[in-house]
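Peer 1: Predicted model and sequence below, questions to follow.
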Amino acid sequence: MHEDYIATVGLEVHCQVKTESKMFCSCRTSFGEEPNTNVCPTCMGLPGALPVLNKAAIEQTVLAGLLLGCTTPEISKWDRKNYFYP
């Protein structure tokens, strides 16, 4: 390896946090309800529906990182994947 390069390793972690609403909208996360009842245009990824981050989820995520001894960058970036099916 060239001596000007520094190896950097990152992890992409997928986990569920216990919040009252979803990550990108205010829809409830109630388990066991009828299918498709806790959805909105943002959940469905409809064009023009803008997401709003769930503050409690962010706080829990950062806290989990601190408890695990991780370093948290000053700026983090999320990309929400949208899938369009016919």
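Peer 2: Structure's in. What do you need? Numbers count the residues shown, from 1 in each chain.
Peer 1: Which pLDDT value does the model give Thr29?
Peer 2: Turning to Thr29, the model gives it a pLDDT of 88.
Peer 1: In space, what's closest to it - neighbours in sequence excluded?
Peer 2: Leaving aside its sequence neighbours, Thr29 sits nearest to Lys22 (CB to CB, 6 or more residues apart in numbering; 5.8 Å). Quick note: C-beta positions are derived from backbone N, CA and C, even for glycine.
Peer 1: How many residues are close by the one you found?
Peer 2: 18 (other CB atoms under 10 Å).
Peer 1: so who does it touch?
Peer 2: By CB atoms under 8 Å, 6 or more residues apart in numbering, Lys22 lies in contact with 28-29, 38, 43, 54.
Peer 1: One more: Thr72?
Peer 2: Going by CB under 8 Å, 6+ apart, the list of residues near Thr72 reads 62, 65-66.
Peer 1: Now for the nearest residue to Phe24 once chain neighbours are set aside: which residues touch it?
Peer 2: Spatial nearest neighbour of Phe24, excluding adjacent residues (CB to CB, 6+ apart): Pro51 at 3.5 Å. If you count contacts by CB under 8 Å, 6+ apart, Pro51 has them with 24-25, 42, 80.
Peer 1: For those, give me JSON lines that also has pLDDT.
Peer 2: Below are the contacts of Pro51 laid out as JSON lines (pLDDT from 0 to 100):
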{"residue": "Phe24", "pLDDT": "90"}
{"residue": "Cys25", "pLDDT": "92"}
{"residue": "Thr42", "pLDDT": "91"}
{"residue": "Arg80", "pLDDT": "72"}
